[in-house]
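K.L.:
build me a model:
(chains A and B)
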Amino acid sequence: MLVWILFLLCQVGAPALAQDLCQRDAPNGYKVRISLKTALGEDAYEWNQSEMFFFQATMAFAMRRHFQMETYNVDNIILCVQTSRVSFWFVVTSPDNTTMLIPKADVEKAVRMSRHRINNAFLLSDRTLEFLGIYPTLAAPVNPDTPPWLIVFGVVIGAVCAGIIALLVSSLLQKRRKEKGMTEDGQDEEDMQVKGVENGINLDGTYNRGFTDDDRFTKL
Amino acid sequence: MPEEGMEDNKEGEERPKWNNKAEYLLTCIGFAVGLGNVWRFPYLCQIYGGGAFLIPYLIALVFQGLPLLYLELAIGQRLRMGSIGVWNSISPYLGGVGVASMLVSFCVSLFYNTIVAWVLWYLFNSFQEPLPWSQCPLNHNNTGYVEECVESTPVNYFWYRQTLNITPNMETSGSLQWWLVVSLATAWSIVYICFVRGIKTIGKAVYFTATFPYLVLTIFLVRALTLPGSSEGLIYLFTPDWEILKNPQVWLDAATQIFFSLSVAFGGLISFSSYNSQKNNCERDAVLVGVINSATSIYASIPIFAILGFKAHTNYVTCLNGNILALTNEFDISDMNITVENYEQWFDSLNGTHPSRVSDLKLKTCDLQTFLDQSASGTGLAFIVFTEAVISMPGSQVWAVLFFIMLFSLGLSSMFGNLEGVLTPLHDLKLVPKWMPNELFTAIICLLLFLMALIFCLGSGNYWLEIFNSYVGSVPFLIIAFFEIIAVAYIYGIGRFSDDLEFMTGHRPNIFWKVCWLVISPLMLFVVLVAYVAVQAQTPPTYAAWNPDYVNFPNTEVLPYPDWVFAICVLLSSVPVISIPLVAIYRLICCMSGRHSKDSLHNNPNPYANEDYVVELLL
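P.N.:
Predicted coordinates:
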């Protein structure tokens, strides 16, 4: 009988004890802040008791994943101080002894290990599902082997150098061709005059040099 | 006046010619339209009461800019020589004006291409996702972000640290930043490839460099007008504040802006027009170039300010969202109940009920006007303000690439004129040995300028560039232009000049041009010069240094110039223009000693003049 009464008292007292364990600014508790509308906008789901249960289940999973020997249950995650923000506090009790709280550091390790899974369970991100006090690890920067700007620079300078060489070579060739062309032209003119081809008409007879136009050599 | 024939066939070499008129006009327009049209004019418009600024600007264009432009194009076209040859021909005593032009063009080429190199560096870095100036890098042990970046902004950090690697003051020179040297080498290589065959290759290059900026500005205009907040930016820019016209500083800035914008007194315009045939209507060319330059300035300010309005709006919304988050978290209000629209009401009600908790949050005051007032000009506009705006636009890489290619073509087309103002006078002075081909000579000059510009790649390079910009790129030009107009209007004579113009364009200049050349423009130039020097003398010589250890960091620390630096500033302003009196004195001495200088042949083109029979009147 006495045992039966004690048992009844424990059942009644347990929730009250649980409330004492979980309170605002609990030493071993964490505050969780969820921003559904910021994350999902129009597709935001309603935060109700089922979601709270889901959170308890997720946290129990995270604790099990971290401490692989111990079997945590939904009852081991106690939630309180829920606001419409949505924000609430939670503490984790040990599966062996429901009055003993798991220290903050262990809870933090468990959360860090499964953070990605917890976020995905609720379709949220590090920014919209916040565990106040547990800072998200910064993403490591992508460091490519060659900086991209060096690649662009290489392409541009290669094109410019190729262009410079092409232009220089072509102007060199042009100059050589012009010089060759000029000497050949000079000879052709002399030959044509000597052979008496004036204006394309082949004149008969010998060419009289006394009447050549020498003015281009001596300017008065 | 030298005969036509003599100038064409010096040593049997023909003067190069423009392929067609379009190339010549595009080159002149490209030279005039430069970086200042994009990042100086909109700033002036903003601080001087928007639409009202256009009045002093247009007055300065009509009475000062266009006459000077017409004058330079005309004398270049008539005398068919670079700046040194032209001023030697007009009056041997004023040959120093040409030398001064060349020296100033040389100094400007040095720092202007460094700015082009910075643009190239940003362009190369725009081909990444995410853009490197959009986020702070992590520190050594990956625990957090670099402190200097967190205290200022990622955009500032990328500019001051990852680009310039700037030293805290001018005394510390720092070392050569290899990535800047590489960018500078690229810039000079591109300038060289465009100069390889002289105006043949320049003429081809300007088809792209002179027209592409307009395309990009139009694209930006269309894009910017669809962004939120753009209309606020435009209203802010163009709302006229007529009271501002009573401030003389406005008129001074309008005159100096039009003057530097048109790139007169560089000698580049004289060189470009010297490659024209003499029978070319340079009056129409001058008016066209001047009007297009001003129209470009006004057109460019529209997308710039639409985007700045968008940026101010984004900053305002970010500021408000920060406050909203703080209030939501503190009072556990449902997510997204406080929005930008009802923020005021929520704030008032919360402040009424819990004033102490609200004040503990230390909320920022978010005022759109404050964000709009954050004006910037010069490199600050391009590399800090605009890059920040680009991050918030969807598809940032595309906009960044477009913007920097536009700045690059603007800078490159202006570099053509700068370098031409150095090369053509050297050719005309016959300082080039005959065995050296033009390509080699151009390469040597480009290499020399590149090596000298390495000073701007040091840690303190930006400070030196500011000095060059303020002291070389300002007063010497005003002095040179003043002497130019006095030389042509009074020493050469407006009558002779009108005859030349009639020969070239087919009609004499009308009364407007004559009055401007004789009275209005010299007077305006003189007043602007005196006022500018007076204002400069009153402002203490200080510079803004980026010092992470400064107490008020991220504000820049205002430091005075060290004495030796200030001496260099004075030298930079005076050495180019000192050649004007020096050459005059030298010629005077030569003349008074009774020896005929070579220039008498220029003034007496008679090839039969036998000096033994000239009567020595100077005895």
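K.L.:
use CA for all of it now, contacts and neighbours both
P.N.:
Noted.
K.L.:
and chain A, which residues reach chain B?
P.N.:
Residues of chain A lying near chain B by Cα under 8 Å from any Cα of the partner chain: A:35-38, A:83-87, A:138, A:140-141, A:148-150, A:152-153, A:156-157, A:160-161, A:163-164, A:167-168.
K.L.:
among these, which are in strands?
P.N.:
Among these, DSSP state E puts A:83, A:87 in strands.
K.L.:
which residues in chain A form helices?
P.N.:
Ranges of helices within chain A are A:2-21, A:36-40, A:49-66, A:104-113, A:115-121, A:148-194, based on DSSP state H.
K.L.:
and what of the stretch 1-150 of chain B?
P.N.:
B:4-8, B:21-32, B:35-39, B:41-47, B:54-60, B:66-79, B:83-90, B:95-125, B:147-151 (DSSP state H, counting those that start in this stretch).
K.L.:
from the residues of chain A next to chain B, which would you call buried?
P.N.:
By neighbour count, with 16 or more other Cα atoms under 10 Å in any protein chain shown, the residues of chain A next to chain B hold A:35-37, A:85-87, A:148-149, A:152-153, A:157, A:160, A:164, A:167-168 as buried.
K.L.:
which one in those residues is the model shakiest on?
P.N.:
Among these, A:Arg85 carries the lowest pLDDT, at 82.
K.L.:
check whether that residue really touches A:Val32, as I assumed.
P.N.:
No - if you go by Cα atoms under 8 Å, A:Arg85 and A:Val32 don't touch, sitting 10.3 Å apart.
K.L.:
counting neighbours, what do you get for B:Ile324?
P.N.:
22 (other Cα atoms under 10 Å in any protein chain shown).
K.L.:
wasn't it part of a helix?
P.N.:
Yes - secondary structure of B:Ile324 (DSSP: H, G, I helix; E, B strand; the rest coil): part of a helix.
K.L.:
what's the separation between the closest residue to it other than its chain neighbours and B:Phe347?
P.N.:
Once flanking residues are discounted, B:Ile324 sits nearest to B:Ile338: 6.4 Å by Cα to Cα, 6 or more residues apart in numbering or on different chains. Distance of B:Ile338 to B:Phe347, computed by Cα to Cα, to the nearest Å: 9 Å.
K.L.:
so who does residue 37 touch?
P.N.:
Picking chain A for this. The neighbourhood of A:Lys37, defined by Cα atoms under 8 Å, 6 or more residues apart in numbering or on different chains, consists of A:44, B:335-336.
K.L.:
looking at chain B here, not the other one
P.N.:
Counted by Cα under 8 Å, 6+ apart, B:Asn37 has contacts B:261, B:293, B:296-297, B:300.
K.L.:
now the buried members of the residues you listed.
P.N.:
Judged by 16+ other Cα under 10 Å, buried ones among the contacts of B:Asn37: B:261, B:293, B:296-297, B:300.
K.L.:
just the buried residues out of the contacts of A:Lys37, in PyMOL syntax.
P.N.:
In PyMOL, a selection of the buried entries from the contacts of A:Lys37 looks like this (16+ other Cα under 10 Å):
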select buried, chain B and resi 335+336
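K.L.:
of the contacts of A:Lys37, which is the nearest to B:Pro240?
P.N.:
Taking Cα to Cα as the measure, B:Pro240 lies nearest B:Met336 of those, at 39.2 Å.
K.L.:
quick one, grab the pLDDT at the closest one.
P.N.:
82.
K.L.:
please apply the same query to B:Glu4.
P.N.:
For B:Glu4, pLDDT reads 39.
K.L.:
hang on, the earlier thing: can you redo the contacts of A:Lys37 as a markdown table with distance to B:Leu501?
P.N.:
Putting these into a markdown table (distance: Cα to Cα, whole Å) gives the following:
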| residue | distance to B:Leu501 |
| --- | --- |
| A:Ala44 | 78 |
| B:Asp335 | 76 |
| B:Met336 | 73 |
